[in-house]
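Novice: Dropping a prediction and its sequence here:
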Amino acid sequence: MGYLQSVTELKANVTFTNQDDAQNKNIQYSLDGVQREYELPRMPPWFRTGSQKLYQTLAKILRLVGLSILKGLKSAAGLTVITDIQLGPLRNLVSEVRRKEYSKETWQSWYTRTGSGQLLRQASTSACILNEIIFGISDQSIDVFTRMFRKHMLKGDDKQENNCWKVCLDKATRNHLIDCIGTVLHEYQSPEVWDIPIEHKNLILQSDDEAEEISLHLFNDASMLHQVIIEGIGIFNLCLKQEFATSGYLHSSLYLLLENLIHSNYQIRSATDAVLRVISATSGYPTVGHLVVANSDYVIDSLCRQLRHLDLNPHVPNVLAAMLGYIRVAHKILPLLEEPMRAVSQELEILGRHQHPNLTVPFLKAVSEISKATKHEAFSMPSKLASFSRHIKSKMADMEKKLEENLRKSSMSHCNDVSDISAMESDDKYDEQWEDVVFKLKDSKRYRRTVGSIASSCLTAATPILSSCKESACLLALEIIEDGTAALEKVEEAYKLERESEETLLQAIQLCSLYHLQDTLNAVEEGNDENRLLPAMNKIWPFLVVCVQHKNQVAVKRCLGVVSSVVQICGGDFFSRRFYKDGSNFWKLLTTSPFYKKPISKEGPHLKLPYRSTSVSSEDSMAESSSIKIQVAVLNMIADLSANKRSASSLEAVFKRVSGLVVGIACSGVIGLRDAAVNALKGLASMDSDLIWVLLADVYYSLKKKEMPLPPTSDLPEIGQILPPPLTPKGYLYVQYGGQSYGFTIDFSSVEFVFKKLQSEVFRWQTCS
């Protein structure tokens, strides 16, 4: 019941009314365009390409039969007889599948058994016949027959001919037609029909040997049956139009269509896409996304039911991800996603991942779409609340002016009676305005908490996956962490704006003595929703440290980008102690040159047992180009954190070591790292330019022994006395601060380039300022 208000609001935003003729024409034009692009009904897949004319002739006969049944009889009883006859093979197929499940028979033995394969093909043919017969009752089919037989009629009888083809159904006949279509749809949606496998991965409960023995003819016959049934749903929608939804058939069919929208079989996927577009156009929705949003409560309810039985419905995560990603409606149905998000979070815990390891990535895809939706909604909340706060302050200012005017009038009339003020305060219209403001603020609080709760659930679900060895799962988890963190930042910003609006609103309520509204405003329960970001990051950080030690270079590079993003979002003070404690896991990526090869051990290779897997370290197996990319990512992270005042404090505790490492890389001959190192030095110089200059000058002037600059005054010592040249390479200041590095030998051309570039762009500017 708590979701009814959200569904009503969503429907109010996307439902299109057909009140004027222009809009009706637009909807009809849209339907005609969809009909031309996605033809329904289509020629069944078992007909050959050159049999188009033969099938069209047979289809017209069947359509004429369906039209004649309703036109020639006073009731639709004949349609019931025909549908029952054609549903016979489909019902026999359902009975055979149930018997197969009861006897625990394999699909291969069931299919090779006498008559099973033929029964499957008979069911497909019967479904095709039913589709064509019912399509004959539709307006599109009647228009075709009208044009076909018009040229055989006299011109003077056109009016009589047009009336001949019109089918005017009374209420009873129309209801009977709807019931017949409902009976057919019930058989079409039988679980046994959709349990028939179409590919090997649909075989859940069978062993690999049994799955390999299954004939491909079973998959082919089942896919043709499913394709014809899906097209039949679209045909029934064309026949009933708006009554397809009012009769409940849209709600029962929509989830089935969304399931097949991501099917691996192209023919089924294409047919589903065409049917969804036809249903959207017929129902008056411009896109499939609008259709799904308007019926989202039914779809989510079906999802939640199937999420409780993943062993029987392993495709549910893919359906959820497709609905949110392919159709792009997650941000519009966000309030409805709280319940499925709880089920998804449970499945991404240790026990759930152990029970269904193959569903981890599909679930993460769904969570990724949900986190993107929360980010989309969270980023829109601060601007809306800022506008709402300005509106409240404006109303407050207007109210104060009115109070001052009333007091001035009462003082000029020398009347101490304040009845006018009391009348204004008790005015019903004025009371309703402030009551509307209070309810809007309460709705804003409720929605903000929903967004914050879903974003927190996304972070909680994805955090343990950061330590996964699987690249795809790790990358999806990192994307969720980045989006969820950004969403929580905006949620907390919205909370602060809400508090400002609430304080202004309380002042107005007290000034007008509307204490019942104050009780209503205070009735909203306050939780810990104002502080979600830092507690969540406190749990995420250890997993980020583990992730940066990943053996996969792509995951490490992405992790460094996420660390840079979340530190700037949360602020540097929170990470100062964490970088001091765990920063070595990041800085060690900069201690070895990409072109440095470790000496071979004199002891020789260790004995490797054939049954024991050996883990190769990432340093040994990493190519030079991959190592350069990772070190560039680390340098970019340092540059971003140090250049941003909000995050610069995170590097204060490790500033000397980081500066020494970056100076050593900038002064080396590794050209691929020079630009990133210079960019990092610019950021570090914004924190402490003196230290960066000293570290660079120590190397530059020790190598440049000629043309040494003289001190500005005789009282100051020369540079050689301030920075004496080291006796060994380990004596440089950057080595003493940053620690020993391997392979980064000093190159004078690089030192001169970096020093002069920073001298002209950073140090000289800061000296002048």
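Specialist: Yep, that arrived.

Novice: switch to C-alpha atoms for all contacts and neighbour counts from now on
Specialist: Noted.

Novice: other SSEs contacting the strand or helix carrying residue 500?
Specialist: Using DSSP states H and E, residue 500 sits in helix 471-512. When contacts are defined as 3 or more C-alpha pairs under 8 Å, 6 or more residues apart in numbering; DSSP states H and E, helix 471-512 packs onto helix 360-412, helix 428-462, helix 515-522, helix 533-547, helix 553-570.

Novice: got a markdown table for those helices, with mean neighbour count and distance to residue 107 too?
Specialist: Converted to a markdown table, the helices and strands packed on helix 471-512 look like this (neighbours: other C-alpha atoms under 10 Å; distance: least, C-alpha to C-alpha, whole Å):
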| stretch | mean neighbour count | distance to residue 107 |
| --- | --- | --- |
| helix 360-412 | 19 | 27 |
| helix 428-462 | 19 | 37 |
| helix 515-522 | 14 | 62 |
| helix 533-547 | 18 | 44 |
| helix 553-570 | 21 | 41 |
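
Novice: a markdown table for the ones you listed, including distance to residue 718?
Specialist: As requested, the helices and strands packed on helix 471-512 are exported to a markdown table (distance: least, C-alpha to C-alpha, whole Å):
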| stretch | distance to residue 718 |
| --- | --- |
| helix 360-412 | 56 |
| helix 428-462 | 57 |
| helix 515-522 | 71 |
| helix 533-547 | 45 |
| helix 553-570 | 41 |
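
Novice: Residue 626 is nearest to which of the ones you listed?
Specialist: Distance to residue 626, taken as C-alpha to C-alpha, is lowest for helix 553-570 among those, at 6.8 Å.

Novice: any idea how far residue 626 lies from residue 664?
Specialist: Distance of residue 626 to residue 664, computed by C-alpha to C-alpha, to the nearest Å: 20 Å.

Novice: Neighbour count for these two, which is higher?
Specialist: Set side by side, residue 626 and residue 664 show more neighbours around residue 664, with 28 against 15, by other C-alpha atoms under 10 Å.

Novice: for that one, helix, strand, or coil?
Specialist: With DSSP: H, G, I helix; E, B strand; the rest coil as the basis, residue 664 sits in helix.

Novice: I'd say it and residue 742 touch.
Specialist: No - using C-alpha atoms under 8 Å as the test, residue 664 is too far from residue 742 to be in contact (10.2 Å).

Novice: OK, contacts around residue 630?
Specialist: Residue 630 sits next to 553, 556, 557, 589 when contact means C-alpha atoms under 8 Å, 6 or more residues apart in numbering.

Novice: ok, the third one to residue 181 distance?
Specialist: The one in question is residue 557. For residue 557, the distance to residue 181 - C-alpha to C-alpha - is 56 Å.

Novice: repeat for the first one
Specialist: Going from residue 553 to residue 181 by C-alpha to C-alpha gives 57 Å.

Novice: From the centroid of this structure, which residue is nearest?
Specialist: Geometric centre of the chain, nearest residue: residue 369, 1.4 Å, by C-alpha atoms, centre = their mean.

Novice: just checking, that one touches residue 326?
Specialist: No - using C-alpha under 8 Å, residue 369 makes no contact with residue 326, being 9.8 Å away.

Novice: got the residue ranges for the helices in the stretch 201-350 of the chain?
Specialist: 208-213, 216-240, 242-246, 249-260, 266-283, 288-294, 296-307, 316-325, 338-347, 350-355 (DSSP state H, counting those that start in this stretch).

Novice: Show me what the third one is packed against.
Specialist: Contacts of helix 242-246 with other secondary structure elements, assessed using 3+ C-alpha pairs under 8 Å, 6+ apart, are made with helix 266-283.

Novice: Tally up the residues packed near the residue lying closest to residue 662 once chain neighbours are set aside, please.
Specialist: In this structure, residue 662 finds its nearest non-sequential neighbour in residue 677, 6.0 Å apart by C-alpha to C-alpha, 6 or more residues apart in numbering. For residue 677, the count of nearby residues is 27 (other C-alpha under 10 Å).

Novice: who touches the helix or strand harbouring residue 677?
Specialist: Assessed by DSSP H and E, residue 677 sits inside helix 674-685. Helix 674-685 is contacted by residues 632, 635-636, 638-643, 659, 662-663, 665-666, 691-692, 754, 758, 762 when judged by C-alpha under 8 Å, 6+ apart.

Novice: Give me the next element, helix or strand, following that helix.
Specialist: Next along from helix 674-685, by DSSP H and E: helix 689-703.

Novice: by how many degrees do that next one and helix 674-685 diverge?
Specialist: 130 degrees (axes from the mean of the first three to the mean of the last three C-alpha atoms, to 10 degrees).

Novice: So which elements touch helix 689-703?
Specialist: So helix 689-703, by 3+ C-alpha pairs under 8 Å, 6+ apart, packs with helix 655-666, helix 674-685, helix 719-722, helix 733-738, helix 748-758.

Novice: Tell me the spacing between residue 284 and residue 574.
Specialist: Residue 284 is 52 Å from residue 574, by C-alpha to C-alpha.

Novice: the more surrounded of these two?
Specialist: Counted by other C-alpha under 10 Å, residue 284 and residue 574 do not tie: residue 284 has more neighbours, with 23 against 16.

Novice: Now do the same contact list for residue 175.
Specialist: Counting by C-alpha under 8 Å, 6+ apart, there are no residues that residue 175 touches.

Novice: That one sits in which helix or strand?
Specialist: Applying DSSP H and E, one finds residue 175 within helix 171-188.

Novice: avg pLDDT for stretch 570-578?
Specialist: On average, the pLDDT along stretch 570-578 is 92.

Novice: lowest-pLDDT helix or strand in the protein?
Specialist: helix 4-14 (a mean of 36; mean pLDDT, DSSP states H and E).

Novice: thinking again about what came up before, now render the helices of the stretch 201-350 of the chain as CSV, adding mean pLDDT, mean neighbour count and distance to residue 100.
Specialist: Putting the helices of the stretch 201-350 of the chain into CSV (pLDDT from 0 to 100; neighbours: other C-alpha atoms under 10 Å; distance: least, C-alpha to C-alpha, whole Å) gives the following:
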stretch, mean pLDDT, mean neighbour count, distance to residue 100
helix 208-213, 50, 13, 15
helix 216-240, 89, 22, 15
helix 242-246, 88, 16, 34
helix 249-260, 88, 19, 23
helix 266-283, 88, 22, 25
helix 288-294, 85, 23, 36
helix 296-307, 85, 18, 23
helix 316-325, 78, 23, 24
helix 338-347, 84, 18, 31
helix 350-355, 82, 13, 27
